[in-house]
Structures are given as structure tokens and as C-alpha cells.
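[1] What follows is a predicted protein model with its sequence.
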Amino acid sequence: MTKGQFRVRRCGLDGVEAVEARTRHAFPRHIHEQFGVGVVDEGAQVSRSGRGMVEAVAGDTITVNPGEVHDGAPIGEAGRAWRMLYFDPSLIAAAADDLGPGRRMEFHLPVVRTPRVARRFRALFAAMTTVGEGGEELLLMLLADLMREQGGLAPQASVPRALAIARRRIDEDPTAAVTLADLATESGLSRFQVLRGFAKATGLTPHAYLVQRRIAMARRLIASGSRLADAAVESGFADQSHMTRTFVRNYGLSPGAYAQALA
């Protein structure tokens, strides 16, 4: 079902979600819990992430890692159109292990400009969003192409132990009210050290990171069939309107439209 300029589609393979968009919406800094791979179909956009500033134009393949802070804005007044597939990390981990036992998938190039990779993605998107078969095979071939283009696998960035403790406190229960003082006590740092170090390590302040974890939880709850009001409360938002504002800023469509698209 289409709502505005976004279309969210269920896929034939568990752990995959498809999104089509045509929009001038500028996305603020946010994160996804999944791996994302997509192709820009029209227009162009600029994005900042931990992998640097990058521009993507029509025909380019774009990638995002779980937990990677990034934004996105159109270049020009016409906006841009793209298609994305989001994959649960467990699905990508299993596929990477098939490609080479013990390997860990992590994209370090945010844009790939090889036409073959874009064609491979389009074939995978079609297979995932129709009754077509061969999705698993096409996914493995796409990942193999991406690994080849990126020269292997990027090492996982390390996070200082004290800040990892602070982040884990949020990850374990995003619905809990947590203060800088709480994180400082937990990690053995001062409040300022937590604030500065957390932003350097993750790209977000502790509060902004907390909000991202809550909206990701809300999205999962809505996808599983929860009522919007219940999803707001269970994911730690003050009320449904607060969840809705955050949802629209991050995903470009309302929670209601997202729920209808998955109905």
C-alpha cells in the first residue's frame, strides 16, 4: 500500500523488508538496526555518516550498517527516488558465513558505482517483492559482489570499554529513564566525559541514541501488530504523538501508514 511518497512491502524471505521512496524529505541523523542495501533510481542525495560525506546519484548502490549514524538530504529541488532492502543482521551473518566461514560482513564503502551490482540488486528486489523464486541465491550473489567491490571485509570499529558499558546500559533497556549521571556512575567517567566520548564513539549523544533505540523498538512492535498507542507506551515514549513525530522524522512516513503498508 502506498502512503504519500513511501511504500513499505513485506518480502517472501523472513528478515527482509523492502522500501520504495520518492521524496524531498531530509532525514536527520538516525540509525537502523538492520543492514541496508539499495539503489538510487532518480535524482541524487548527500549523506553524512561515520564513513564520511558522500553523494549518491541515479544508478549508484548505497549501503548502511546496523547502528551506523547517518542522515540524508536531496541534491536539488526535485528530490530523489530509491529502493532499499533492509536485512536482519542474523540473515547477513549466515550469508557471510556461507561465503567464507568465520567472515564478518561490514560495509565500509557507502556507495558502489558498479552497474553490475545495481543490476544484481534490482533482480533481488524483484524476487523479494513478488512471488518470484531464487531470492536466497540472488542475495548471496549480491553480497559476494559487494565484498569484491569493497576489497574484503572492514574491521569492526572498537569502542572504549567505559563507553561500551554506557551504551550497553541503554541497549539493555531503552524504555528506562537514564541520565548522564547514571551513565557516568556505570562507566566510571564524568558526565562530560560520557557526553563527549559517547558522541565521538557513536555519532550521537546518549539521549539521541536512546531515542533511536526507542523508535526502533516501536517500529518492531508496530510490525508485529501492536496498536499504535500500545507501541508508544511499550517503547518508552511519553505518548503516541511523541512517537509519531519521531517516527516521521526518521522514516519519512507516519506509524499509521507503516502499519497499513504491512497489513
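    Arrived safely.
[2] Work out which residue lies at the spatial centre of this structure.
    Centroid check for the chain by Cα atoms, centre = their mean gives residue 32 as the closest residue, at 2.4 Å.
[3] Which strand runs longest in this structure?
    strand 35-49 (DSSP state E).
[4] and that strand, C-alpha only, in CSV?
    The C-alpha trace of strand 35-49 is given here as CSV (Å, rounded to 0.1, in the frame of the first residue of the first chain):
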residue,chain,number,x,y,z
PHE,A,35,21.8,-3.8,7.2
GLY,A,36,20.6,-1.8,4.3
VAL,A,37,21.3,-2.1,0.6
GLY,A,38,19.6,0.0,-2.1
VAL,A,39,19.8,1.7,-5.5
VAL,A,40,19.1,5.4,-6.3
ASP,A,41,16.7,5.3,-9.2
GLU,A,42,16.3,9.0,-9.9
GLY,A,43,17.9,12.3,-8.6
ALA,A,44,20.7,12.5,-6.1
GLN,A,45,21.3,12.8,-2.4
VAL,A,46,24.1,13.7,0.0
SER,A,47,24.6,11.8,3.3
ARG,A,48,27.0,12.1,6.3
SER,A,49,27.9,9.1,8.3
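[5] and that strand, what other elements does it pack with?
    In terms of contacts (3 or more Cβ pairs under 8 Å, 6 or more residues apart in numbering; DSSP states H and E), strand 35-49 is packed against strand 52-57, strand 61-64, strand 70-74, strand 80-87, helix 115-129. Yep, even glycine has a C-beta here, placed from its N, CA and C like the rest.
[6] and the residue nearest to the centre of the chain, that one's in a helix?
    No - under DSSP: H, G, I helix; E, B strand; the rest coil, residue 32 sits outside any helix and is assigned coil.
[7] Report pLDDT for it.
    According to the prediction, residue 32 has pLDDT 92.
[8] what does the one 3 residues further on give?
    At residue 35 the predicted local distance difference test score is 94.
[9] and if you look at the one 3 residues further on?
    Taken from the predicted model, the pLDDT recorded for residue 38 is 96.
[10] Going forward, count from 27.
    Yep, numbering from 27; the last one is residue 64 now.
[11] how close does the residue nearest to it when sequence neighbours are not counted get to residue 132?
    Excluding the flanking residues, the one nearest residue 64 by Cβ to Cβ, 6 or more residues apart in numbering is residue 110, at 3.4 Å. Residue 110 sits 18 Å away from residue 132, going by Cβ to Cβ, to the nearest Å.
[12] more crowded one of those two?
    residue 110 (21 against 18; other Cβ atoms under 10 Å).
[13] List the beta-bridge partners for that one.
    Beta-bridge pairing for residue 110 (DSSP bridges): residue 45, residue 64.
[14] for this protein, what spans make up the strands?
    Under DSSP E, the chain gives strands at 28-29, 32-36, 42-49, 53-56, 61-75, 78-83, 87-90, 96-100, 106-113, 137-138.
[15] Now do the phi/psi pair for residue 52.
    Backbone geometry at residue 52, expressed as degrees, to the nearest 10, gives phi -100, psi 120.
[16] How about it: what's its closest non-neighbour residue?
    residue 99 (4.1 Å).
[17] And residue 225, by the same measure?
    Going by Cβ to Cβ, 6+ apart, residue 225 has residue 231 as its nearest residue, at 5.3 Å.
[18] hang on, that neighbour packs against residue 222?
    No - between residue 231 and residue 222 there is no contact, the gap being 9.5 Å when judged by Cβ atoms under 8 Å.
[19] residue ranges of the helices in the stretch 177-289 of the chain, please?
    Secondary structure of the stretch 177-289 of the chain, counting by DSSP state H, counting those that start in this stretch: helices at 187-198, 206-213, 217-228, 232-249, 254-260, 266-277, 281-287.
[20] what sits up against the second one?
    Counting contacts by Cβ atoms under 8 Å, 6 or more residues apart in numbering, the residues outside helix 206-213 that touch it are 188-189, 191-192, 195-196, 215-217, 219-221, 224, 232.
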